[in-house]
Structures are given as C-alpha cells and as structure tokens.
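What shape does this take:
(one chain, ligands or ions: 1)
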Amino acid sequence: MATSTHPIISCPNNISFSTKSSPRNFSRPSQIFINPSRAAARRGDVKIRCAASSEGADGHQNPDSLSSAKLDRRNVLLGLGGLYGAYNLAGGSNPFALADPIPIPDLSHCGKAIISNTKDNEEVPYSCCPPPFDGPYVDYKIPTFSQLNCRPAAHAVDDEYLYKYKTAIQKMKDLPDDDPRNFYQQAKVHCAYCNEAYKLNEKSYQIHYTWLFFPFHRWYLYFYERILQSLIDDPTFTLPYWNWDNPQGMILPEIFDDDESSPLYDTLRNQNHRKGYVMDLAYAGDESYASDFQKVKNNLAVMYRQMVTNAPCPLLFFGKPLRADNDWAHSGMGTIENIPHNSIHRWVGDPREKHNEDMGNFYSAARDSVFYCHHSNVDRMWTLWKTLGGNRKDIADPDWLQTEFLFYDETKTLVKVKVADCVDNERLGYTFEKMPTPWKDFKPTRKRKGKLKRTAKSVSASTTVLPATLDKIRTFYVTRSPTSTPAGKEEMLDLTFDYDDTQFIRFDVFLNEDEEVNTKELDRIEYAGSFSNLPHVHKPTDDSNTTTTSTNTTFSLAISEVLQDLRLQGDDKILVTLVPKAGGSFVTVTETKTEIIDC
Ligand code: C2O
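Below you'll find the model as predicted:
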C-alpha cells in the first residue's frame, strides 16, 4: 500500500505559459504555437517556475488541493471496508449484477496472434505470448513511496531527462530477447491482449473497444515505467506524455524524431507527419483539408466534445462493459479511445506498410516508443476527466473493478493486478506535469449567420432514409422520444450500423446542419461528435473459418448539451447529418433513435 500521508510531488519545473492563449483570441496561427520546442526552453525563453502556486498553469484548481481531497475521501472510504466496498458505496451503474469479472488470462493457452480479420486471418509473424514463468504468479502489492513522481510533457523535457530516457530505452532493447523486460517482449504484451493470443470464455479476448481500455493501459505503462526506472537505477524517472490536447503539443514530439539513430526513433512512421507537421486529432487520412490554424481549432473542439459534451457519464467515457462471458456484441468504445486515441495511432503509423505498422495496428503499435508517450496522455485524460465534475467518476461496477491482468514487473516476476487498484494514479505513485488545457474553454460556438434554411419538414425521416451506406453525406430527421431529459440523465442519439472492422473508418455527426455542410470546421455548435475505427481483430466466435469482417454496433452520442446550445430541447424532431471522412462505403447505418439514459 502507498503511504497514507500526502506525498510530496516531484514536478520540479512546471513551465508557465501564458493563460491568455485561448485560441479563440488568436488572430494568427503562429500565435498558437508559443514556445513549442525544447530549444526555446533550453535557451531560457520559457519561464520556469516551481509548482507551488495555488493555481495551476491552466488557471484551474491546484493539483495539490485536488489530490489531498482525493486522499481524504479515500481514507474515509478505506475505513468503511476497503476500496472494493468503497466503490460500491459510491453508487454503481450496476450494483446488483451477478459478479462476472474477467480473470487473468490463461497463459498456458496463449495462442497465435492474428493481425487482421481478413479471409486469410493473417498471423503475426512471431509469438506474442509472454516468456514462461517458473512458479505461480504473485499478487502485486503497490510499493510504498514518499514522493509522487511527475510525468513530464514530452515537448518540454530538458536534455538531462532526454539522456535518461534514451539510455533506459536502449538498455531495454539490449536485454536478452527472452527477457520479459526486453523492449520487444514488452511490445508483445500489447499484441497478446489485443490480437487474440488469449482466449476468454473460449472466444478471443480483446481489451480495446471495451471499458478495460483505460485500466489495462494504465497498468501496462506502470510496469513499463518501473522497468525503465530499474534499468537506469532511478526510481524518479517517468514516461513523458504527448501533450496533444494542447496546441504546443500538437506535433510528433521532437524527442522521438530528433535523431534517426536514437533508440526513440522508429522508421515505420508516416514520413509526412514529422518535423513540426501539425496533427489532426480526428485524422482520417486527408492531409490538406484545412489550414494549421483550423486544424488546431478543430482539435480543441474535438477534445471539448470527447471530454465534456460526449462523456458526461462513466460508461460513455470508459466504454461499454466486457465481462467474463465475453459478450463482445455489447461492448463498445469510450469517447477518448474512439477519438483522438484511434486517430493518432493512424496518424503516426506508416501508410507504406500493409497494416500501417507500427502505430497503425495494435499488434505492432508498442514497437514504437511513441506509443507509451501517446498512452501516457491518454492516461492523463482519465485523471483530468474526473476533475471536470458532474457524474465524471470511476465506474462503480464490481465487474470492472475486479477485472484482473497479468504483467511482468521490473524484477521479472509475473504479477496479478486488479482494475480497482489503479483507478487513482497517485496511489500508483505518479502525477502529471501541469500544462494548459485550453479545450476546457473551447465549447464550439454558433458561426452561422441567419436562420437554418431547411427544416425537419424538408428532409425525410430516418425510417425512410435508412438503411443507407455512408458513401456520401446523409441527412434525415430523428423523432425524439421523450423530448425532456430529467436532471442527472442524459439524452443519447443511437446510431446502429454494420461496418467492416478491417477498414479504417471515420464519420462525423452534425445536428441541425444546413444543406451546405462545412465539413472542414468542427469548431461549430452543430458538430456533435465522430466515430472512428482502427482496423482490429475480433471474431465473435472461435470458429477459425469465420470470414466475416462485418461488425454490428450501436454508436451512442450524448447530445443533451448540443441540443441545449442549439436551443432545441423542446423540439420533437432533430435533424441529423452524417458526414463520411474515411471508409464510409464500409458503413451501413440501419437504424437510429434517441433514448434517455441514467448516467
Ligand atoms: Cu492498446 Cu493505443 O492501444
């Protein structure tokens, strides 16, 4: 167990940026990228200060006061019967469900990993199974610590840090091939949990597209970081995070691209996305669709939608349940996994490679060290999301909390961990360097001047238009039922569709949009959200002859905030426009409706 006294945070240098940097106030794109490079920090152009002020660099609450509040609450709850009981008391989405948490994978039945669901079921050319362990696994105990480590933003690290990071990764690469801490063995951990090497209830096990996405990757990075620490004998070393939610971090971090002989460099990346090329967080393969300035505004709008508008309830943020029965048909992605997580994988991966290796496919993604930096920010999103208020809390369902994973730790011991023990990153001994979070104030606004030219009367009902393939923009109206949402509940727009899961797909959803859809601007009030699919494997049965790549899913978008902003709360029909951006011809929308859910 971690020490119960409030630990000291070792974030020595918090870089202070101007909080006047809300892009809304920008008139020129160049103003967005204030001090994007480490070079500026080295030259001393960037003001460095210690993390002692009562307000964070983003003008929001002090992390110290937040964490002490959290610790106090935890201490009280622990007194009431331990973490497990505590989260039940916090109110569960499904407190009376039959206990059905996923146990550790059966390593003795670890099998071949599959790259893609295509007819030939193309196999990963090597085994993704972990090296054998002599003896039983060990229940992991979180070691005590007296200081919280601080994960730095990748664009703001100094040379000393970079030297340590490169040294640690090089040492990891130099370990014997069969050492479970070896760089490529670590990459296989991801492959094993994501590409069917493990079975669950006799069907393939896949932790993506489910509520296990956040906790699996948190534990995975936790042990990865501890291995790096032990290799350089520095228990304060941490992984950096790719600060893609902040305009200053919306490029491939320089530290992964500064030197092609660096252990952090990977040749299998999109060569057009290097050297300061501005990211598109909802990347769909289109390079030139918008100016850098518009891309940044779109990115912030996407972040606002994924963290705030579309994730007011736990399962919307984390993803839908996956329990021991492996009922894949009812699982689904949370907002951040969908976008920007998936799209950034695609943005980094090499389009010259068959499966967009390395980052563009789960089996190979963790062979690129930027993977861990990307996921460190995904992990940070979990922590930030819980500070946004409302129902933004961890899932209370015991099946989530009691799900178990196996990892090798830094001593090459096979250890068993539980989701419940990772929900608080500070309990695991780390926090994140403060950086601006401009998306929090980037609620998309009304841009259209004048009235909507078309009305629900001039378009057809979804029941007439659907089923329809998204080979072009589709517009229909959906009759709402009911039209009022009681407090604490959320209105959802459910889109049910079949799609080819071997394809890269993205489409955007707009509400109350006019005939001329401006598909380039997402920083508009009408933009409701997006769906993306990274090609992945998951077969609904264990029948290896299954050649179907079609998956049926219901994509549910929280729309209460957008309806309110559009002042449409009282209308009984909503105008929905679906704009395909990639792979639309592989999507057939069959049905749509609205529903009110409990958060
Ligand atoms: Cu496990 Cu970003 O994927």
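
who touches the residue in the stretch 1-150 of the chain that the ligand sits nearest to in this structure?
The ligand sits closest to Cys128 of the stretch 1-150 of the chain, with a gap of 12.8 Å, by C-beta to the nearest ligand atom. Every C-beta, even on glycine, is put in place using the N, C-alpha and C of the backbone. Contact analysis of Cys128 by C-beta atoms under 8 Å, 6 or more residues apart in numbering lists 110, 113, 188, 191-192, 195, 197, 363.

Now it. Nearest residue, chain neighbours left out?
Cys191 (3.7 Å; C-beta to C-beta, 6 or more residues apart in numbering).

Local confidence estimate at that neighbour?
At Cys191, the model reports a pLDDT of 92.

Quick check: the gap between it and Cys129.
Separation of Cys191 from Cys129 (C-beta to C-beta, to the nearest Å) stands at 9 Å.

overlap in contacts of these two?
Ala197.

Contact residues of the stretch 301-450 of the chain facing the ligand?
Contact residues (C-beta under 6 Å from any ligand atom) of the stretch 301-450 of the chain with the ligand: 341, 345, 362, 365, 375.

Could you do the chain as well?
Within the chain, the positions near the ligand by C-beta under 6 Å from any ligand atom are 190, 194, 208, 217, 341, 345, 362, 365, 375.

With secondary structure as extra columns, can I get these in TSV?
Putting the residues of the chain next to the ligand into TSV (DSSP: H, G, I helix; E, B strand; the rest coil) gives the following:
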residue	secondary structure
His190	helix
Cys194	helix
His208	coil
His217	helix
His341	helix
His345	helix
Phe362	helix
Ala365	helix
His375	helix
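
any idea which of the residues you listed is least confident?
Among the residues of the chain next to the ligand, Cys194 has the lowest pLDDT, at 86.

So that one sits against Tyr209, correct?
No - under the criterion of C-beta atoms under 8 Å, Cys194 is not in contact with Tyr209, lying 9.8 Å apart.

what helix or strand does the nearest residue to Ala582 once chain neighbours are set aside sit in?
Nearest residue to Ala582, sequence neighbours excluded (C-beta to C-beta, 6+ apart): Ala284, at 3.9 Å. According to DSSP states H and E, Ala284 maps onto no helix or strand at all.

Model confidence for Ala284, exactly?
Ala284 is given a pLDDT of 88.

so it touches Gln503, yeah?
No - using C-beta under 8 Å, Ala284 makes no contact with Gln503, being 11.8 Å away.

out of those two, which sits in the more crowded spot?
Ala284 (22 against 16; other C-beta atoms under 10 Å).

Who are the contact partners of the more buried one?
343, 504, 506, 532, 581-582.

Kindly list the single helix or strand of this structure that scores lowest on mean pLDDT.
Scoring the helices and strands of the chain by mean pLDDT, DSSP states H and E places strand 48-49 at the bottom, with a mean of 25.

quick one, phi/psi of Asn299?
Main-chain torsions, Asn299, degrees, to the nearest 10: phi -60, psi -40.

for it, what are its contacts?
Neighbour list for Asn299: 244-245, 247, 250, 279-282, 340 [criterion: C-beta under 8 Å, 6+ apart].
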